[in-house]
Every structure is written in structure tokens, then in C-alpha cells.
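# coordinates only, sequence not included:
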């Protein structure tokens, strides 16, 4: 027995509803993707201070981070204390001249560790060191 085909493929007006049912959820997910995915990284609580900007625009900047456990992060990578001087001296003697070392240290870091880092930066040939702080709340 043969049945007659009553449906003809790809004829007539296309319906918009199936396309919109796919498009709207994709649009919502793409708009809120930045809010749905948490950023990865390490939380450093900067101390508060009323200080003006210490780095001139266009100046070469090297960023060094210290967390509350006094682990060192240079150029977004974990660095051991023994390798820090070599890395800083290599960056200080790179083309463009020595830059400014911006130190992002947690407020719980000991002052002795900050002093040690400033001595290592001076020995590496960096000309200035800036401690990054949050603006004081009014």
C-alpha cells in the first residue's frame, strides 16, 4: 500500500518561531556570560592611603604582586624568591631602559618582606618602586 505525501519540503513561507527559540537563549547567554563566569585569580587586599598617582603616563611599568601568604607573582606568574632578582634585572636591562616597579602587596604582608623586595629591586637596577594602594574612603 502506498501513502500519498501531503507534506512538501522547503515549500511555502518559513516560520520564524523555531529560529527565535534558538536565537533568544543564545543572545541571553552571550550577554550575561561575563557575569556568569567568575574571574580566576588571587585576591589581594590593598591598603588604603590618600596618595596621588606616582607613575607617569607612558612610563614603563613592571608589576609585582604579594599575597597574604607572601608568595610572589611577577608578570601574572608565581615566582620563587631565589629567581626574583634574576627576573627583575633581566627586565630592568631590557630595551626601553629600567622602569618603575609597582608593588601590589596585601595589607597583611610584613614590612620586613617589603623592605627585602625593595632592596632586591634596587640591586636589579630598577630606578623607582611604587606601592599600589586603594583610595581612602571619605
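Great, that's in hand. What you see is a predicted model; the values in this text were computed from it and never measured.

# Apart from its neighbours in sequence, what residue is nearest residue 63?
Leaving aside its sequence neighbours, residue 63 sits nearest to residue 102 (Cβ to Cβ, 6 or more residues apart in numbering; 5.0 Å). Heads up, the C-betas are built off the backbone N, CA and C, glycines and all.

# and the one you found, what are its bridge partners?
Using DSSP bridges, the bridge partners assigned to residue 102 are residue 63, residue 130.

# pretty sure it is touching residue 65, no?
No. Shown here, residue 102 and residue 65 do not form a contact pair, counting by Cβ atoms under 8 Å, at 9.3 Å.

# higher neighbour count, these two?
Relative neighbour count places residue 65 above the other of residue 102 and residue 65, with 21 against 18, counting by other Cβ atoms under 10 Å.

# Distance of the more buried one relative to residue 3?
Note on residue 65: its distance to residue 3, by Cβ to Cβ, to the nearest Å, is 73 Å.

# Same check on residue 35?
Separation of residue 35 from residue 3 (Cβ to Cβ): 53 Å.

# Could you do residue 105 as well?
In this view, residue 105 and residue 3 are 79 Å apart by Cβ to Cβ.

# And those two? Which one has more around it.
residue 105 (24 against 5).

# Where do the strands of the chain begin and end?
With DSSP state E, the ranges of strands along the chain come out as 48-49, 61-66, 72-74, 77-79, 100-105, 128-131, 134-135.

# deepest of those strands, which one?
Greatest average neighbour count among the strands of the chain goes to strand 100-105 (a mean of 20), per mean count of other Cβ atoms under 10 Å.
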